[in-house]
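# next come a sequence and a model predicted from it.
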Amino acid sequence: MSDEIRLTLPAQEDFRPVAHLVVGGLAARRDVTFEDLEDLQVAFDALLGCRDDEGDITIRLCVEGGEVSAVVGPFSADALAQLDRGAGDLPLRRVLDTVSDSVVIEERDGGSWVELTKRVAA
């Protein structure tokens, strides 16, 4: 059995807690551990922090078996330019690689989309 949620919300910082609620609700429904949920929240905070504009951002979450996959976007090339650089010694890619099992960036629909995969305790 799999659960999938697609959420489109304004990219502004004020709306990020909504993403946290949705991720938390899906995690609770599928008995995702607190540690795995916390990793997912860190990944979303890092990605959503790349955008703070008047446009919309879409998050697609799918939980199937022992894996959570998320696709987040669209991002402009400039927004993801910070992927390999960041404040101090902590680039965005390092954060994402630390809290997820795979990070893939693909170009589609005129923007960049980030796909994260996290294996979770089942």
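Arrived safely.
# excluding chain neighbours, what is closest to the most centrally placed residue in the chain?
Nearest residue to the geometric centre of the chain (Cα atoms, centre = their mean): F44, 3.8 Å. Sequence neighbours aside, A19 is the residue nearest to F44 in space, at 5.6 Å (criterion: Cβ to Cβ, 6 or more residues apart in numbering). Yep, even glycine has a C-beta here, placed from its N, CA and C like the rest.
# go ahead and confirm the one you found touches R60.
No - the pair A19 and R60 fails to qualify as a contact (Cβ atoms under 8 Å) at a distance of 11.7 Å.
# hey, what's in contact with both of these two?
L7 (Cβ atoms under 8 Å, 6 or more residues apart in numbering).
# the more surrounded of the two?
A19 (20 against 16; other Cβ atoms under 10 Å).
# contacts only, for that one.
Contacts for A19 were tallied using Cβ under 8 Å, 6+ apart; they are 7, 9, 44, 48, 59.
# with only the CA atoms kept, save whichever strand or helix holds it in PDB.
Secondary structure from DSSP states H and E places A19 in helix 16-29. Coordinates of the C-alpha atoms in helix 16-29 are reproduced here as PDB (Å, rounded to 0.1, in the frame of the first residue of the first chain):
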ATOM      1  CA  ARG A  16       6.500  26.500   5.300                       C
ATOM      2  CA  PRO A  17       4.700  25.300   8.500                       C
ATOM      3  CA  VAL A  18       1.900  24.000   6.300                       C
ATOM      4  CA  ALA A  19       4.500  21.700   4.600                       C
ATOM      5  CA  HIS A  20       5.600  20.500   8.100                       C
ATOM      6  CA  LEU A  21       2.100  19.700   9.100                       C
ATOM      7  CA  VAL A  22       1.500  17.700   5.900                       C
ATOM      8  CA  VAL A  23       4.700  15.800   6.200                       C
ATOM      9  CA  GLY A  24       4.100  15.100   9.900                       C
ATOM     10  CA  GLY A  25       0.600  13.900   9.200                       C
ATOM     11  CA  LEU A  26       1.700  11.500   6.500                       C
ATOM     12  CA  ALA A  27       4.600  10.200   8.700                       C
ATOM     13  CA  ALA A  28       2.200   9.600  11.700                       C
ATOM     14  CA  ARG A  29      -0.200   7.700   9.400                       C
END
